[in-house]
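Colleague: Coordinates for the following, if possible.
(one chain, ligands or ions: 3)
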Amino acid sequence: MLIDLDRFKDINDLFGHQTGDEVLVAIADALKTVLSENDSAARIGGDEFAMLLRDVKTEEDAFRRTDEILVALKAICMLNDGRFGVHFSVGVSLISFGETETSTLISRADHALYKSKQTKDTAVVLYDAQMDDSFNEKQVLKQKMAADIQENRFYLDFQPVVDAGNHSIVAAEGLARWRGEDGALVGPVTFIPIAEESGMIATLGGRLFDDLCACIAKRFSDQKNVVIPISINVSPIQARDPGFAVRFINTIERHAIPPQYINIELTESSFVHSIDVVQTNLEMIRHYGVGGQIDDFGTGYSSLSLLKDLPFDAVKIDRSFVQDVGKVVWADAIVKALVDMGENLGFRTIAEGIETEEQAFALRDLGVTCLQGYYFSRPISREAFATLLSGDGYCNVA
Ligand code: C2E
Ligand code: MG
Ligand code: MG
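Modeller: Ligands and ions are numbered 1, 2, ... in the order given. So this is what the prediction gives:
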């Protein structure tokens, strides 16, 4: 059985390393209370524990023992007076004595643990042979991605951002897309996490940004073209790299484009770890003249100090609020509070994921500055976007 402590890094960051150490010791102590003489336990990684339980004969036994262990663990792991719940992921693999190599047993439990980590709540997952398939599929996907990044098969589509008052197109967001050899389109929700996990995100993000700058420079080369600011999404992993800002600025300089035509979008989760590095990167980039937007505001830690201390000039209000605007009182109240804060602290508000006319009008009435969503336009190819821009400057909504 493998047990992994979820969000251990957050515990260290939020409560300090001493608390992190204390949690690990408390876990070890709790395990001692529930393991019998024949069992063994070891810490095999930063926040990962392995247990060998000998008296487990059936799947029911396995779930019962795991439950006992989790009850013992949860009782001790209540930080901050219970406000910070500690959660675990658990992978279990069963064998008959002598049937399987130790390394196979651990790797099977690891595949089950990987599956467990993909679910939000503490979940106990028992290994089954199909997991090898999904694990192998992922390895194949990783190899394909690495090759396709080199061959520039990743590109950006563009989604317009409109003025909330008159619906004229004032900016756009670049959204990564991947078209594999078979022509199938894969979305960023699938490939960005894999790129992050495997370390490919720096190369992928760098190439997409280079491509965006080239595209903007090309539009500037013809004076007839309307040029508007475009935002690029940056992964927390990229933003935590101390060399990120210098590379980002170099790319803009290489293409000789005015920095105010670029906006950088960072999610709140970028500021959970290594906040100093991320802040320094953001400050350098903002100082250079690039716009800075917090993405998906309201879905993560949503600390007000992000708005106060960091040099953002726009906040993107997440779709989950937009959906409830005009229907649920608190959604209106939160949007209104952000708009008021924006007016006082000097940032614009951009609402994301507008799908209906009612939402567009409700958000305008609440004072939101800009709107983005399928109601105005889905993300479209760069050619389609260029055509849209060369029109009357508005999205034609039905
Ligand atoms: P995001 O930055 O919040 O982008 C907005 C997402 O909402 C996009 O999904 C967009 O297609 C979708 N969307 C826009 N309007 C609507 C609407 O009215 N209704 C609904 N249901 N959805 C709408 P997409 O393109 O699948 O991107 C998902 C996420 O992937 C992005 O969320 C962003 O976090 C990430 N991402 C996209 N491109 C990149 C990239 O180049 N680099 C990095 N690091 N992340 C990226
Ligand atoms: Mg975004
Ligand atoms: Mg967003």
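Colleague: wait, isn't Met145 in contact with Ile201?
Modeller: No - in this structure Met145 lies outside contact range of Ile201 using CB atoms under 8 Å: 10.4 Å. C-beta here means a position set from N, CA and C on the backbone, and glycine is covered the same way.
Colleague: anything in contact with each of these two?
Modeller: Ala195 (CB atoms under 8 Å, 6 or more residues apart in numbering).
Colleague: what is the mean pLDDT for stretch 2-16?
Modeller: Mean pLDDT, computed over stretch 2-16, is 83.
Colleague: CA atoms of that stretch as PDB?
Modeller: Taking Å, rounded to 0.1, in the frame of the first residue of the first chain, the C-alpha atoms of stretch 2-16 are listed here in PDB:
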ATOM      1  CA  LEU A   2       1.300   3.500  -0.900                       C
ATOM      2  CA  ILE A   3       0.000   6.500   0.900                       C
ATOM      3  CA  ASP A   4       0.700  10.000  -0.400                       C
ATOM      4  CA  LEU A   5       0.000  13.200   1.500                       C
ATOM      5  CA  ASP A   6      -1.800  15.600  -0.800                       C
ATOM      6  CA  ARG A   7      -0.700  19.200  -0.900                       C
ATOM      7  CA  PHE A   8       2.300  18.600   1.300                       C
ATOM      8  CA  LYS A   9       4.100  21.500  -0.400                       C
ATOM      9  CA  ASP A  10       1.200  23.800   0.600                       C
ATOM     10  CA  ILE A  11       1.500  22.700   4.200                       C
ATOM     11  CA  ASN A  12       5.200  23.700   4.100                       C
ATOM     12  CA  ASP A  13       4.500  27.000   2.400                       C
ATOM     13  CA  LEU A  14       1.500  28.000   4.500                       C
ATOM     14  CA  PHE A  15       2.600  26.700   7.900                       C
ATOM     15  CA  GLY A  16       6.300  26.500   7.700                       C
END
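Colleague: What residues sit buried inside that stretch?
Modeller: 2-6, 8, 10-13 (16 or more other CB atoms under 10 Å).
Colleague: And for stretch 65-72?
Modeller: 65-66, 69-70, 72.
Colleague: could you redo these as CSV and give each row secondary structure?
Modeller: Converted to CSV, these look like this (DSSP: H, G, I helix; E, B strand; the rest coil):
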residue, secondary structure
Arg65, helix
Thr66, helix
Ile69, helix
Leu70, helix
Ala72, helix
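Colleague: Between the residues you listed, which sits nearest Asp133?
Modeller: Thr66 (24.0 Å; CB to CB).
Colleague: re the thing from before, would you turn the buried residues of stretch 65-72 into CSV with distance to Ala384 and pLDDT?
Modeller: Listed next are the buried residues of stretch 65-72 as CSV, based on distance: CB to CB, whole Å; pLDDT from 0 to 100:
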residue, distance to Ala384, pLDDT
Arg65, 57, 91
Thr66, 52, 91
Ile69, 55, 91
Leu70, 51, 89
Ala72, 58, 87
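Colleague: Okay, strands next: where are they in the stretch 101-250 of the chain?
Modeller: Under the criterion DSSP state E, counting those that start in this stretch, the stretch 101-250 of the chain contains strands at 123-126, 154-163, 169-179, 185-186, 230-233.
Colleague: Give the pairing partners of the shortest one; include direction for each.
Modeller: The strands beside strand 185-186 in its sheet (DSSP bridges) come out as strand 169-179 (antiparallel).
Colleague: Does ligand 1 have contacts with the strand it pairs with?
Modeller: Yes - between strand 169-179 and ligand 1, judged by CB under 6 Å from any ligand atom, the touching residues are 175-176.
Colleague: Quick one: residues in contact with that strand.
Modeller: For strand 169-179, using CB under 8 Å, 6+ apart, the contacting residues are 145, 148, 153-163, 185-188, 191-192, 204, 208, 212, 228-233, 263, 265, 370, 372, 379, 385, 388-389, 393-395.
Colleague: That strand versus strand 154-163: what angle between them?
Modeller: Angle, strand 169-179 to strand 154-163, by axes from the mean of the first three to the mean of the last three CA atoms, to 10 degrees: 160 degrees.
Colleague: Strand 169-179: which residues count as buried?
Modeller: So for strand 169-179, counting by 16+ other CB under 10 Å, buried means 169-178.
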